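Engineer: just need the structure, nothing else, for what follows:
(2 chains)
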Amino acid sequence: MLNMTALALAKAIRAKKLSVTEAVAEYIKQIEQTNPHLNTFLTVSKDTALARAQTIQAQIAAGEITSPLAGVPIALKDNISTLGIRTTCAAKMLENYVPVYNATVVDRLEQAGMIVIGKLNMDEFAMGGSSETGAYGTVRNPWDTERVAGGSSGGSAAAVAAGEVPLALGSDTGGSIRQPCAFCGVTGIKPTYGAVSRYGLVAYASSLDQVGSIGRTIDDCAAVLSLIAGPDDNDSTCVISKTFTFDTPLLERLAGFRIGLPRNYFAGGINADVAQAVLAAAKELAAAGAQVEEFDMPLMDYMVPAYYIIACAEASSNLSRYDGLKYGYRSPAAETLAEVYRLSRSEGFGLEVKRRIMLGSFVLSSGYYDAYYKKALQTRTLIKQAYDRLFERFDMILSPVAPTTAYKLGENVDDPLKMYMGDIYTVSVNLAGLPAVALPCGFDRQNLPIGFQLIGAAFSESKLVSAARTYQHRTSFHLQQPGGAWV
Amino acid sequence: MGYPEYQVIIGLEIHAELATESKVFCSCPTTFGAAPNTQVCPICLALPGALPVLNEKAVELAVKAGLALGCEIPPFSRFDRKHYFYPDLPKAFQTSQLDHPLCRSGIVEFRVDDQTYQVRINRVHLEEEAGKSVHSGERLQGSHYSLMDLNRGGLPLIEIVTEPDLRSGEQAKAFLERLRTILRYIEVSDCKMQEGSLRCDANVNLSINDNGKNVRTSIVEIKNLNSFRAVERAINYEAQRQYEDYLDGNMSLNAGKITAGWSDAEGRTYVQRQKEQADDYFYFPDPDLVPIEISAEQVESWRSQLPELPAEREARFVTQYGLSAYDAGVLTAAKGIADFYETVVENFDGDPKIVANWVMGEVLRMLKDAGDEAEQALAEAPLKPHMLAELLQLLQSGAINGNQAKEVFAEMWTSGKDAAVVVKERGFEQISDTAAIAELVNAVIAANPKVIADIQGGKTSAMGFLVGQVMKKTAGKANPKLVNQLIREQLNIT
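Structural biologist: Residues are numbered from 1 along each chain as shown, chains lettered A, B, ... in the order given. Have a look, this model is predicted:
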């Protein structure tokens, strides 16, 4: 059962070959066995999930829920607010924080009969690219537990790869869905900014954050996206009346698909195995009938700096609410109000979070705003315009997700610049608010997964999913499963 | 050698709570006085993941305020985050507006005595209110504990910033009164200073001509003045203090802003801190809120919904009702009172000036303890305007006299009974039946031949005796004017 896709599992449940309770129990059993090795789950909501399984089973039987994923378990990155279930953002700051409300995406999943079985580990407040910055330990990569799972949605990608859950939600601010998907050999969708409500997603960088789905196949991910996407009265930036349906037939041929391949992405710091696998993916799509054409991606040197200035600026603002007063960690040593602020924040935040708060405060401070923040916004506009021009020529852009495969635990954690450069292929997508899918496309010589991404114009998810589906129909990288001592 | 001449330079920053039913970025109710922390939600509590959604009614009211203050409404506006840590601000930033306020460049006219002045309005912007702190001590510092009520947090506020065009405490007070009148007329804010829905900070400094050299003292910002009287007193105190300190060589010049508090009890300001540099609030555009775009058609539609503004109404009262500028000013100072006045006039067949005297005299006397609640007290009073018109009609017809009318009015104010009913109950109804009075007059004349002879001999002062006799026979109910007239007719006196 753990090898089934989510859609197949839902079908088996509808066909009464399997009960919802059996499905939930089986996955929880797997989590209990493998989580000690992988550290993917921060909270397993076993009792509520099992109780809900019975309710959902009854509703499915009564024909009250007909969604294509009814009865399927799902786990959520721990920065998505869940009513009554601890939501920590992998931060000491929120160790005992239990939300009183559900994120919009959680309500929508539950309305569709999906069952939340737990909350997934991540980088603290989604800041990081290796899921090593969290306060509750590092997520380990199921393909090699001495290696990182990527981040910040490392728990989400690793849990899906390890078969602990058929589907997960992650969030992507600068690549945080796509990069761990690439590192763990699973599939993910980072939707267009504004396609999915952020209400209840604990903010890292508000103008970049977006919730998306992680699964074994593009069809599973698309099925989740069609449940969670659509306008939300509680999110002013999610108002465009755009819902997705992906039930178009499989395209045997990608005739008329124009795919751009950024030549300069394959020069310089990219690992040779990664470059080769991604170029092979381009060939595969060409073989399927797509028209692949090389071009030079402009502004490449400015993407990471612009991203870190904007993301850190917004983070410094968004995280100022953690003041030790209302909820979350309060330093026991604090005696005055000033000490409550200073000590609670000094002790409650981890190093990477503090680094970004300080960077963000610096670029927003008067006297530096124009030199950094304003320049970064101008750069962002240029990047958007560059993409707009590219999408006049291409339907989508095919690119690597990360310059390397999963690296060893601790290898980059003390070198933030090296870590930040790992985001070179992903951050511009967030700066421009575009959708992208990340798909497995091979393995390096150490048998670590390699991923590539397809980037489309705003709200072109359907087209991206069509291309991805054709690719997965022609290849089997996404069906490979990790093995190891933890299995 | 005389003292150097100086001019006081004053600019005001006024915060007014908007009269919306829900908060500015969430749907919590705005009712005043609810139990602490009962009107809160994930958004105004700043729970992780919650997002603001702009209340469009707040934008409408803020723009209407700007229009009534003569402002321009730019087509593009947006919110910025203003960061500072304080327990009453749960997000640790206030969502406000920095570079793109909703309204800019207005002008307001006001009067002190007979002199008209103008104040330029720099901007009107929309922002959110902070929560309310209750400290165990005087202030946060030194308190054992502080309690926070976030019911108020997230109420919509407008901040109105004037140019430094005011020159005295009296002017500042008169301007504020005019401003309050305008905001209440357009029903944008109830402007209750006691409840804190209108607050004022005053920036005060001096321009001194010292032997031909112009010198400026540093600007002192007096915070949280919570009555018009306090604004006036604080400014006048502060101006005098700066002048004296300048003469003593103790006043800082051209330095950064100095923050001061005002003690109403002691009647003095306290300098709290001198800012070495401007506070850094790490302002940046709020990414959770989309920019506000307001079309010219929308602005015109809102403008057309504005009622007649106090200045226009005042002018109309002078021309239409023949009132003095002063009376028109008093009657139009509150919309509810002006409305009341006009309804009485509509229902009264007589001189509108009589109505003005009654409203300004008897009616305002009844409201003088109501303060900010005067309009509400008038609206809730059992006496309705058409009833006052009936009373004045009785007075004008001579059915009752002036003193009786005042007594009847007082009764009507509390009981809500009709004038005619009260007049009857109190037995005030005058006998104005000519035939009945003529009979009594004839009887009195017949019974007093000596007095008649005196009168006809030229001693007209004896008339009063005859009138008194008639009044006595009617127990004071005869219409004295009529009695007088009939006696004169009978005796052929003109």
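
Engineer: backbone phi and psi for the closest residue to chain A within the stretch 1-150 of chain B, please?
Structural biologist: Residue nearest to chain A within the stretch 1-150 of chain B (Cβ to the nearest Cβ): residue B:92, separated by 3.6 Å. All C-beta atoms are positioned from the backbone trio N, CA, C, and that covers glycine. In this entry, residue B:92 is assigned phi and psi values of phi 60, psi 20 (degrees, to the nearest 10).

Engineer: report pLDDT for it.
Structural biologist: Per-residue confidence at residue B:92 stands at 96 (pLDDT).

Engineer: who in chain B is up against chain A?
Structural biologist: On the criterion Cβ under 8 Å from any Cβ of the partner chain, chain A has as its neighbours in chain B the residues B:42, B:45-54, B:81, B:83, B:85, B:87, B:90-93, B:140, B:278, B:280, B:282-284, B:287-290.

Engineer: in strands, which of those fall?
Structural biologist: Those of the residues of chain B next to chain A mapping onto strands are B:81, B:83, B:93, B:284, per DSSP state E.

Engineer: so, low pLDDT: which residues of the stretch 351-487 of chain A?
Structural biologist: Low-confidence regions of the stretch 351-487 of chain A, defined by pLDDT under 70, span residues A:485-487.

Engineer: excluding chain neighbours, what is closest to whatever residue of the stretch 251-400 of chain A ends up closest to chain B?
Structural biologist: Among all residues of the stretch 251-400 of chain A, residue A:320 sits closest to chain B, at 3.6 Å; criterion: Cβ to the nearest Cβ. Distances taken as Cβ to Cβ, 6 or more residues apart in numbering or on different chains place residue B:92 nearest to residue A:320, at 3.6 Å, with adjacent residues excluded.

Engineer: contact partners for that neighbour?
Structural biologist: Contacts for residue B:92 were tallied using Cβ atoms under 8 Å, 6 or more residues apart in numbering or on different chains; they are A:320-321, A:323, B:46, B:83-86.

Engineer: and the ones in strands among the residues of chain B next to chain A as TSV, adding neighbour count?
Structural biologist: Shown next, in TSV, are these (neighbours: other Cβ atoms under 10 Å in any protein chain shown):
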residue	neighbour count
B:81	25
B:83	20
B:93	24
B:284	24
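
Engineer: neighbours of the closest residue to residue B:226 other than its chain neighbours, just the number please.
Structural biologist: With Cβ to Cβ, 6+ apart as the criterion, residue B:226 has its nearest non-adjacent residue at 5.5 Å, and that residue is residue B:193. Residues near residue B:193, counting by other Cβ atoms under 10 Å in any protein chain shown, number 20.

Engineer: now do residue A:258
Structural biologist: The local packing count at residue A:258 equals 14, with neighbours defined by other Cβ under 10 Å.

Engineer: now swap in the one 4 residues further on and tell me
Structural biologist: Applying the criterion other Cβ under 10 Å, we find 20 residues in the vicinity of residue A:262.

Engineer: setting the sequence-adjacent residues aside, check what's closest to it.
Structural biologist: Nearest in space to residue A:262, with sequence neighbours left out and distances taken as Cβ to Cβ, 6+ apart, is residue A:297 at 3.8 Å.

Engineer: and that neighbour, what does it touch?
Structural biologist: Contact criterion Cβ under 8 Å, 6+ apart gives A:262, A:264-265, A:386, A:397, A:428 as the residues in contact with residue A:297.

Engineer: same question, residue B:10
Structural biologist: B:164-169, B:171-172, B:202-204, B:235.

Engineer: SS state for it?
Structural biologist: When the structure is split into helix, strand and coil by DSSP: H, G, I helix; E, B strand; the rest coil, residue B:10 lands in strand.

Engineer: show the pLDDT at it.
Structural biologist: Listed pLDDT for residue B:10 reads 96.

Engineer: return the distance of it relative to residue B:245.
Structural biologist: In this structure, residue B:10 and residue B:245 are separated by 17 Å, where distance is defined by Cβ to Cβ, to the nearest Å.

Engineer: any idea of the pLDDT on residue 102?
Structural biologist: In the absence of a named chain, this looks at chain A. With respect to pLDDT, residue A:102 scores 98.

Engineer: correction: the question concerned chain B.
Structural biologist: We note a pLDDT of 97 for residue B:102 in this prediction.

Engineer: dihedrals phi and psi, it?
Structural biologist: Dihedral angles (degrees, to the nearest 10) for residue B:102: phi -70, psi -40.

Engineer: closest point of the stretch 301-450 of chain B to chain A, which residue?
Structural biologist: Closest point on the stretch 301-450 of chain B to chain A, by Cβ to the nearest Cβ, is residue B:302, at 21.4 Å.

Engineer: tally of neighbours for that residue?
Structural biologist: Each residue near residue B:302 was counted by other Cβ under 10 Å, and the total is 18.

Engineer: assign a three-state SS to residue 223, would you?
Structural biologist: No chain was given, so I picked chain A. Under the three-state scheme (three-state DSSP), residue A:223 adopts helix.

Engineer: oops, wrong one, chain B.
Structural biologist: strand.

Engineer: excluding residues flanking it in the chain, which one is nearest it?
Structural biologist: Using Cβ to Cβ, 6+ apart and skipping residues adjacent in sequence, the residue nearest residue B:223 is residue B:201, 5.3 Å away.

Engineer: now the host helix or strand of that neighbour, how far from the chain's geometric center?
Structural biologist: Assignment of secondary structure by DSSP states H and E places residue B:201 within strand B:198-210. Using Cα atoms, centre = their mean, to the nearest Å, the mean C-alpha position of strand B:198-210 is found 23 Å from that of the whole chain.

Engineer: got the buried residues for it?
Structural biologist: Taking 16 or more other Cβ atoms under 10 Å in any protein chain shown as the neighbour-count basis, strand B:198-210 is seen to contain the buried residues B:198-206, B:208.

Engineer: same check on stretch A:395-413?
Structural biologist: For stretch A:395-413, burial by neighbour count (16+ other Cβ under 10 Å) applies to A:395-407, A:409, A:411-413.

Engineer: before we move on, what about stretch A:182-193?
Structural biologist: When burial is assessed from 16+ other Cβ under 10 Å, stretch A:182-193 yields the following buried residues: A:182-193.

Engineer: again, but for stretch A:432-446
Structural biologist: Neighbour-count burial for stretch A:432-446 [16+ other Cβ under 10 Å]: A:432-444.

Engineer: nearest to chain B among these?
Structural biologist: Lowest distance from chain B to the buried residues of stretch A:432-446 (Cβ to the nearest Cβ) belongs to residue A:433, with 11.5 Å.

Engineer: now do the closest one against residue B:37, distance only.
Structural biologist: Using Cβ to Cβ, residue A:433 is found at 37 Å from residue B:37.
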